[in-house]
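In: please find the sequence and the predicted model below.
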Amino acid sequence: MRRQALALIEVAVVRDPGQGYELSLSYPSSGARALIPLCTFIEEWLRDLGAIVSGAGDRVFNFDERSHLQELVARTSIRGPEIVLALTEVEQARELARGNVNPQLIINGLVRNLRRRLIAT
């Protein structure tokens with residue numbers, strides 16, 4: 001699930017929206033509550049991105065992916081304030097999952113909202 005969360009963030013920061021649709025269709029159309037733990041992992045990855053952006057890369061949770069996160073930040077326009085706003089989008093997705101909304105819709109909306117927050121397209 002940790003890798004799924006990173007993949008979701010990676011798809012959110014590319015300019016091609018088609019990848020987000022493809023990712024959302026890889027999820028089942030029911031069982032949204034299974035996304036709740038995924039949201040926690042996404043928050044951890046966003047926290048790590050915030051650490052990288054702020055120059056505290058030695059404090060990331062996912063130390064094994066630190067260099068990958070540094071590359072991700074280097075090739076995008078991700079900034080600290082946007083990461084804070086992105087966290088609110090993850091919380092909204094979690095609430096939708098608690099309400100048992102279709103997981104494909106949740107993932108699609110989350111990817112689009114993270115893209116809007118993180119790279120301001």
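Out: Here it is on my side, so go on. Numbers count the residues shown, from 1 in each chain.
In: measure the residue lying closest to residue 113 once chain neighbours are set aside to residue 8 for me?
Out: On the basis of CB to CB, 6 or more residues apart in numbering, the spatially nearest residue to residue 113 that is not a chain neighbour turns out to be residue 89, at 4.1 Å. Using the backbone N, CA and C atoms, a C-beta is placed for each residue, glycine as well. Applying CB to CB, to the nearest Å, the value for residue 89 to residue 8 is 11 Å.
In: repeat for residue 22
Out: From residue 22 over to residue 8 the distance is 12 Å, taken as CB to CB.
In: the residue lying closest to residue 99 once chain neighbours are set aside - how many residues pack around it?
Out: Spatial nearest neighbour of residue 99, chain neighbours left out: residue 32 (7.5 Å); criterion: CB to CB, 6+ apart. Neighbours of residue 32 under the rule other CB atoms under 10 Å: 23.
In: for the nearest residue to residue 54 once chain neighbours are set aside, give its distance to residue 52.
Out: Excluding its sequence neighbours, the residue lying closest to residue 54 (CB to CB, 6+ apart) is residue 80, at 5.8 Å. Summarising the geometry, the distance separating residue 80 from residue 52, computed by CB to CB, is 10 Å.
In: neighbour count winner among the two?
Out: Regarding residue 80 and residue 52, a neighbour count based on other CB under 10 Å identifies residue 52 as having more, with 24 against 12.
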